[in-house]
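Q: got a sequence here, can you model it:
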Amino acid sequence: MPSARVACNTMCALIDSNQTGATETDGGRTSRLFPAARLFPAASPAVTLAGAFVILSFSLAFMLPWWNRYLGLTYQGWLQFYGLRIQQGLVPYRDFYLPVPPGQVLTMAALTSVFGNRVVVGEMFGLIIALALFLGLYLWLARILPAFWSAVAVTGGVAFYLGTSAESLSGVHLVCVAYPVLACLAASFALDPNGGGLLSLSLVGVLAGVSLMTKQTAGVAITVSLGAALPAIIAARGRRWYGLRAAIMFAIGWLIPVGSICGWLAAHGAVRSFLSDVFLHGASSKGSLASLLGRQAVGIAGDPYLRIGGALALGTIVLLAFVYQRPGTANRAWTPRSALWLIFGFGAIAIGVLVAVDYLNALPFGLQWARIAFRNGPLFFGELGALILLVRYGRRFLTRRLSWLEEQYLLASTASFVYVFLSSFSWASAATMIIPAFPFVFAFALSHVRNDRTGRVVQAGAVALVLFGVATMSALKMQSPFAWADWREGEVKRATVEPNFPELRGLRVTPETNRFLERVVADIESHSRPDEPVAEFCCMPMLYQLAHRAPATFAYVHYIDVTPDDIYRADLERLQMNPPAVVVILERSDAQLREGEIIFRGGKPSGERDLWTVLRNLGPGYRLADTLTTPNTNKPVDVWVRQDR
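A: Residues are numbered from 1 along each chain as shown. Now for the predicted structure:
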């Protein structure tokens, strides 16, 4: 498209300019913690640390009002239940199907063994991981970009990512973002000629390996991008042996977590099943290779909301490109003291916005369109921007030696774009794709806006937009902290009831959620013995945990993008051969089944459809004991009981 060509050309012109000596000199080639102190006049270690304090404070203020005041029954507690099964002596892939690598499941098993079988343990762990993620992201960006713009960009990233409703703090996605970001931070240090060293290179490998053992797409993305870019950049400095050494140290670090987990699985006879379920046959649940590569394009073509998000992103890039800093002009020079006031002032306003929204209800609800805009817009902005920067700095890399800062930009754009693109293999848009690309590109663009009245207006508008996004996403999160797979939680202020389950101690839920849980668990317990397996469909394994019953199926979650067709059909045979005492069914409509088949099976009939055909006709062997309604979404949940019970 002409507009896309204009955006690319003008953005490349931006980054092809000399951007003043302050931004492109080798003055940052030191082992200092924050080399940007010499690259940007406003930066200093004190200013950078002030930004870190603001990011930690804002992240806590954003999460604390709701972190333990919701229950995402259709997603929350998945990994914890898998970990509980490991504690009971079962081995993933051999004794039950696990669609992801076992890293986070083993972490949950360790946490519950120490702190007890409580769902809140996973949420607390997620809160800590979130703080580490956003602090690490900020420190990484502040090494190569001004601290103020890094703080503004990461603040937006916090709100846009955590404000989405389809995630829980204890889920795998938060962790699968955190490890790659921390790996990028370590890689930034590894590029310091006088301060990188072998330890930093090994640490990058360790974090990349941990990422791979946590989530396939994230792990492959960070392993490939950093594993290739780091040695290549180091070798291009004229010392090829150093590049080879970097690759070796990365590989050694990578093998520590990967080898340890694979060794544990091999000792239990599960390594072959692991490789098949996670990287080979199990990946068929996502569809063919062609569908993976084209999923985002097809999704954008078929979804008007994605097209709007893409248009917003493209328009923003064009705007920023037309106010780029011209060659020979200077960056706007703030004194360190002024920068401190700016950072603390921005942080105070951002936290004040949260307080106003969370406790004073200062923003009206009903802004669902804004949630879509503040997810899809930043997502595509980061992806397009990272691609443009990757192309430009990649071309420079092929034609001449890069400065230290150019090396950092090449590394960041490579990791950001590869991560976003591989993440699109699951869904055309997801909150996990916002980080790290959006904060990096946003901070980069705002720190390279020209120093005139128009540029300052654009920068002020960007700050105002971030603050509006903070208000909107916080308001929507307080209105509905979780919504996915036909389960939606009510307003946080109504979550005042502590469920009467030991596993849920420390959580607060709405009265209707509590009534639903008590009733459905009572149905399971009253119609089955503790030693009798039961079944639930399609993705509520927390019911096994609360009712203290074992699953009757090999897979504990039956959802089309994580469960291959042969697993569906094998579990269908298990149900027919050994009918469970109780079957709890959260109905999926034909439209939902068809949508999943179009996205993940190329429109062909799936094993999910075979399973639901049988579930809808359980036959004379079962009777309907109870029908419940999910809170807020009003979806029927049927409890079927075997006739002999």
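Q: so where's the chain shaky on pLDDT?
A: Along the chain, segments meeting pLDDT under 70 span 1-43, 194-196, 326-333, 361-368, 371.
Q: cutoff 80 now
A: For the chain, applying pLDDT under 80 flags the ranges 1-44, 193-197, 238-239, 281-285, 287-289, 325-336, 358-372, 619, 645.
Q: who does the helix or strand where Phe381 lies touch, helix- and strand-wise?
A: Taking DSSP states H and E as the definition, Phe381 sits inside helix 368-399. Helix 368-399 sits against helix 2-16, helix 147-162, helix 304-322, helix 404-423, helix 437-447, helix 453-479, with contacts defined as 3 or more C-beta pairs under 8 Å, 6 or more residues apart in numbering; DSSP states H and E. All C-beta spots, glycine's among them, are computed from the backbone N, C-alpha and C.
Q: contacting residues around Leu206?
A: Just to correct that, residue 206 is Val rather than Leu. Shown in contact with Val206 (C-beta atoms under 8 Å, 6 or more residues apart in numbering): Gly253, Trp254, Ile256, Pro257.
Q: one step back: which one, of the helices and strands packed on helix 368-399, ends up nearest to Cys538?
A: Proximity to Cys538 (C-beta to C-beta) singles out helix 404-423 among those, at 23.0 Å.
Q: which among the contacts of Val206 end up buried?
A: Applying 16 or more other C-beta atoms under 10 Å to these, the neighbour count classes Gly253, Trp254, Pro257 as buried.
Q: got the end-to-end distance for stretch 602-619?
A: Start-to-end span of stretch 602-619 (C-alpha to C-alpha, to the nearest Å) is 31 Å.
Q: among the buried ones among the contacts of Val206, name the ones in helices.
A: Judged by DSSP state H, the buried ones among the contacts of Val206 include Gly253, Trp254, Pro257 as members of helices.
Q: and of those, the nearest to Asp626?
A: Nearest to Asp626 among these, counting by C-beta to C-beta, is Pro257 at 45.3 Å.
Q: these two touch, right, the closest one and Thr214?
A: No. Using C-beta atoms under 8 Å, Pro257 is not in contact with Thr214; the gap is 9.3 Å.
Q: okay, and the common contacts of the two?
A: By C-beta under 8 Å, 6+ apart, the residues touching both Pro257 and Thr214 are Gly103.
Q: quick one, strands of the stretch 451-600 of the chain?
A: Applying DSSP state E, counting those that start in this stretch to the stretch 451-600 of the chain gives strands spanning 483-484, 487-488, 535-537, 582-586.
Q: tell me the most buried of the ones you listed?
A: Highest mean neighbour count among the strands of the stretch 451-600 of the chain (mean count of other C-beta atoms under 10 Å): strand 535-537, with a mean of 25.
Q: just checking: what are the partner strands of that one?
A: strand 582-586 (parallel) (DSSP bridges).
Q: name the surrounding residues that touch the partner strand.
A: In contact with strand 582-586 (C-beta under 8 Å, 6+ apart) are residues 74, 485-487, 520, 523-524, 527-528, 534-538, 540, 543, 549, 575, 615, 618, 622, 625, 630, 635, 637-642, 645.
Q: of those, which count as buried by neighbour count?
A: Members of the contacts of strand 582-586 classed as buried by 16+ other C-beta under 10 Å are 74, 485-487, 520, 523-524, 527-528, 534-538, 540, 543, 549, 575, 615, 618, 622, 625, 630, 635, 637-642.
Q: those in helices, which ones?
A: Val520, Asp523, Ile524, Leu543, Leu575, Leu615.
Q: what's the closest non-adjacent residue to the second one?
A: In space, Asp523 comes closest to Val639 once its chain neighbours are excluded; the distance is 4.5 Å by C-beta to C-beta, 6 or more residues apart in numbering.
Q: can I get the helices and strands packed on helix 368-399 in JSON lines with distance to Ser276?
A: Converted to JSON lines, the helices and strands packed on helix 368-399 look like this (distance: least, C-beta to C-beta, whole Å):
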{"stretch": "helix 2-16", "distance to Ser276": "40"}
{"stretch": "helix 147-162", "distance to Ser276": "32"}
{"stretch": "helix 304-322", "distance to Ser276": "33"}
{"stretch": "helix 404-423", "distance to Ser276": "20"}
{"stretch": "helix 437-447", "distance to Ser276": "31"}
{"stretch": "helix 453-479", "distance to Ser276": "38"}
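Q: to Val224, which of those helices lies closest?
A: helix 404-423 (6.4 Å).
Q: so which residue is dead centre in the chain?
A: Thr432 (2.9 Å; C-alpha atoms, centre = their mean).
Q: contact partners for it?
A: With contact set as C-beta under 8 Å, 6+ apart, Thr432 has these partners: Tyr161, His173, Cys176, Val177, Ala218, Ser423.
Q: for it, give its distance to Leu422.
A: Counting by C-beta to C-beta, to the nearest Å, the gap from Thr432 to Leu422 is 11 Å.
Q: which neighbours do these two have in common?
A: Counting by C-beta under 8 Å, 6+ apart, the common neighbours of Thr432 and Leu422 are Ala218.
Q: isn't Ala373 up against Leu312?
A: Yes. Using C-beta under 8 Å, Ala373 is in contact with Leu312, at 6.5 Å.
Q: isn't Tyr393 up against Leu405?
A: No. Counting by C-beta under 8 Å, Tyr393 does not reach Leu405; the two are 10.1 Å apart.
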